[in-house]
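# predicted model and sequence below, questions to follow.
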Amino acid sequence: MQYYSLNNHDHKVSFREAVVSGLAPDKGLYFPVSIPKLEKDFVERLDEYDPLYIARKVISPFIEDEIPRNALQQIIDDTLSFPFPVREVEQGIYSLELYHGPTLAFKDVGAKFMAGCLGYFRKDDNRPVTVLAATSGDTGAAVAHGFYNVPGVRVVILYPSGKVSKVQEQQLTTLGGNVTAIEVEGTFDDCQRLVKTAFNDTSLKVSCLLTSANSINVARWLPQMFYYFMAYRKLKQWHKDIVFSVPSGNFGNICAGMMAAQMGLPIQHFIASTNINDTVPRFMQSGNYDPQPAQPTISNAMDVADPSNFVRILELFAHREKALNVHLSSYSFDDRETLSAIESVYKKSKYLMDPHGAVGYLGLKKYLAKHPQQVGVFLETAHPVKFIDSMPGTVQDDIDYPARLKQALGKEKKSLYMQGDYIMFKNWLTGQSYAV
Ligand SMILES: *Cc1c(COP(=O)(O)O)cnc(C)c1O
């Protein structure tokens with residue numbers, strides 16, 4: 001499969017090139033030149049197949065022979081190595097739990113799959129590659145765990161000192177091995193600036209092979225299709241009209257679901273649920289794409305003003321707004337509504353949602369109120385313990401700590417403390433002296 005740049009459809013590259021470079025040289029996102037269609041018979045008999053086989057069948061046409069079948073199956077098996085339960089929360093409302101992976105959030109899937117692909121493409125190369133990522137929390141943890149111990153890869157994660165949660169910091173700083181966590185004196189934007197400067201530094205590229213594990217990488221985006229297939233496979237025996245509500249920030253997760261639908265997975269409708277960072281809901285109403293500065297919320301992994309993957313959704317519908325409106329609705333909710341949903345669902349159903357999942361739940365409820373014949377799934381994108389400080393006080397005592405988290409919380413933190421100074425950072429990266 002070839003991929004073109006969304007900024008220039010004539011610039012085409014292989015899957016390998018798209019994964020290794022992340023973005024096109026013109027800064028466009030990569031998009032597959034065609035959308036593979038699954039056979040009808042395969043989709044109808046989905047429940048007869050093993051999920052790991054389904055995953056390979058779904059992703060293969062995007063990779064073709066660039067990764068041989070056995071190696072690809074191994075990457076998939078490593079990626080989907082934990083459960084993806086679907087739980088009925090209320091009648092006709094299901095939660096797809098995506099938080100049973102190593103860092104308790106859905107980003108584990110994309111990060112692990114990308115690490116597998118990059119590891120495969122780099123395996124015969126002696127030059128180590130450095131994966132650089134700035135993080136405000138979830139991304140860095142998933143990337144660090146995904147790339148942990150991948151041969152030939154060094155991982156450098158920059159995070160703002162004192163500005164990530166305790167859980168997130170422990171997940172970032174206790175791995176060791178090929179993962180270095182750099183604690184930057186400053187904000188997330190300072191971390192981001194260091195990373196961007198490094199990517200634009202041509203003299204650095206001579207001594208250091210750099211790549212990014214950003215969420216726009218096709219190898220992080222496409223494997224997110226897998227769990228839509230898994231959930232549909234479980235529910236299809238009982239239900240025909242299934243819709244999905246996805247708590248959205250950068251819109252990569254929902255875009256993967258919409259790609260799955262275009263391949264032939266019979267999903268009736270998508271709901272993009274956001275917090276008050278509502279650029280897309282406003283766009284769906286007015287047709288105007290008008291990002292406003294991001295505002296902090298309790299579902300902070302979705303505090304995104306200008307979602308990078310939304311252009312991919314537009315591309316899926318060839319920029320025809322009418323067609324998009326048939327398949328997508330979008331609603332936004334504030335923190336007060338989110339907290340109240342967490343409390344009332346817990347009271348009624350004893351089901352504990354995290355603030356991101358709760359936004360997804362609210363979007364689903366709103367849509368189903370107008371479409372009562374359908375059933376819906378909302379994506380539970382993180383374990384409530386990850387956001388324990390933002391959870392309502394009334395439920396905090398009932399949040400459990402998974403064993404793998406307890407383990408990380410008990411380990412010793414190891415990080416490098418740095419000022420947000422590019423020359424110091426560069427010297428450290430290239431192995432020259434580094435003074436704290
Ligand atoms: C990253 C993240 C999201 C947003 O996903 P996108 O693919 O960026 O839309 C939602 N919930 C959680 C917990 C996240 O970490």
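Nice, thanks for sending it over.
# checking the nearest residue to H145 once chain neighbours are set aside next. Helix, strand or coil?
Using C-beta to C-beta, 6 or more residues apart in numbering and skipping residues adjacent in sequence, the residue nearest H145 is P102, 4.5 Å away. Placement of C-beta: from N, CA and C, glycine included. At P102 the chain is in coil, as set by DSSP: H, G, I helix; E, B strand; the rest coil.
# my guess is P102 contacts V109, does it?
No: in terms of C-beta atoms under 8 Å, P102 does not count as a neighbour of V109; the distance is 10.7 Å.
# neighbour-wise, which of those two wins?
V109 (25 against 20; other C-beta atoms under 10 Å).
# can you name the residues that contact the more buried one?
V109 sits next to T79, L80, L98, G101, P223, Q224, F226, Y227 when contact means C-beta atoms under 8 Å, 6 or more residues apart in numbering.
# what about it, which SS state?
Going by three-state DSSP: V109 is helix.
# how near is it to the ligand?
Distance of V109 to the ligand, computed by C-beta to the nearest ligand atom, to the nearest Å: 11 Å.
# pLDDT at that residue, what is it?
Note for V109: predicted pLDDT of 98.
# same question, D190
On the pLDDT scale, D190 is placed at 89.
# that one contacts V184, correct?
Yes: taking contacts as C-beta under 8 Å, D190 lies within contact range of V184: 5.7 Å.
# what touches both of the two?
With C-beta under 8 Å, 6+ apart, D190 and V184 have common neighbours P160, G420.
# and the stretch 201-350 of the chain, which residues reach the ligand?
S215, P247, S248, G249, N250, F251, G252, N253, A301, M302 (C-beta under 6 Å from any ligand atom).
# narrow the residues you listed to those in helices?
Using DSSP state H, G252, N253 are the members of these that sit in helices.
# what residue in the stretch 51-200 of the chain comes nearest to the ligand?
D138 (3.7 Å; C-beta to the nearest ligand atom).
# ok, now which ones touch that residue?
By C-beta under 8 Å, 6+ apart, the contact set of D138 is T103, A105, K107, Q168, A301, A382, K386.
# mind running it again at 7 Å?
For D138, the contact set (C-beta atoms under 7 Å, 6 or more residues apart in numbering) comprises A105, K107, Q168, A301.
# same question, A71
Counting by C-beta under 7 Å, 6+ apart, A71 makes contact with Y120.
# tell me the pLDDT of V436.
In this model, V436 is scored at 39, pLDDT.
# now K365. Nearest residue, chain neighbours left out?
In space, and not counting its chain neighbours, K365 is closest to I93: 7.5 Å by C-beta to C-beta, 6+ apart.
# tally of neighbours for that neighbour?
A count of nearby residues for I93, using other C-beta under 10 Å, gives 20.
# ramachandran coordinates for it?
As for I93, its main-chain torsions (degrees, to the nearest 10) stand at phi -130, psi 120.
# give me the pLDDT value at it.
98.
# what bridges to it?
E90, G376 (DSSP bridges).
# isn't it right up against Q374?
No: using C-beta atoms under 7 Å as the test, I93 is too far from Q374 to be in contact (10.6 Å).
# residues contacting the residue nearest to the spatial centre of the chain?
Nearest to the geometric centre of the chain sits K107, at 4.0 Å (C-alpha atoms, centre = their mean). The neighbourhood of K107, defined by C-beta under 7 Å, 6+ apart, consists of D138, T139, A142.
# quick one: low-confidence parts of the stretch 251-400 of the chain?
The model of the stretch 251-400 of the chain has no residue with pLDDT under 70.
# quick one on the thing from earlier: more neighbours: D190 and V184, which one.
V184 (25 against 18).
# check which helix or strand that one maps to.
Per DSSP states H and E: V184 is located in strand 179-185.
# what is that strand packed up against?
Where contact means 3 or more C-beta pairs under 7 Å, 6 or more residues apart in numbering; DSSP states H and E, strand 179-185 is packed against strand 153-160, helix 188-199, strand 416-419.
# what angle sits between that strand and helix 188-199?
120 degrees (axes from the mean of the first three to the mean of the last three C-alpha atoms, to 10 degrees).
# who touches strand 179-185?
By C-beta under 7 Å, 6+ apart, the surrounding residues in contact with strand 179-185 are 144, 148, 155-161, 172-173, 190-191, 194, 415-420.
# mind telling me what element the closest residue in space to L328 that isn't next to it in sequence is part of?
Spatially, and ignoring its direct neighbours in sequence, L328 is nearest to F270 (5.0 Å; C-beta to C-beta, 6+ apart). For F270, the host element (DSSP H and E) is strand 269-274.
# so after that strand, what's the next helix or strand?
helix 279-286.
# dump the residue contacts of the residue nearest to L328.
Taking C-beta under 7 Å, 6+ apart, we find F270 in contact with V243, F244, V246, I254, G257, M258, H327, L328.
# got it, and V19?
Contacts of V19 (C-beta under 7 Å, 6+ apart): C117, L118, F121, N217, V218, A219.
# nearest to A358, of those?
Distance to A358 across these (C-beta to C-beta) is lowest for N217, with 28.2 Å.
# stretch 361-373 close to the ligand?
No: judged by C-beta under 6 Å from any ligand atom, stretch 361-373 stays clear of the ligand, getting no closer than 12.3 Å.
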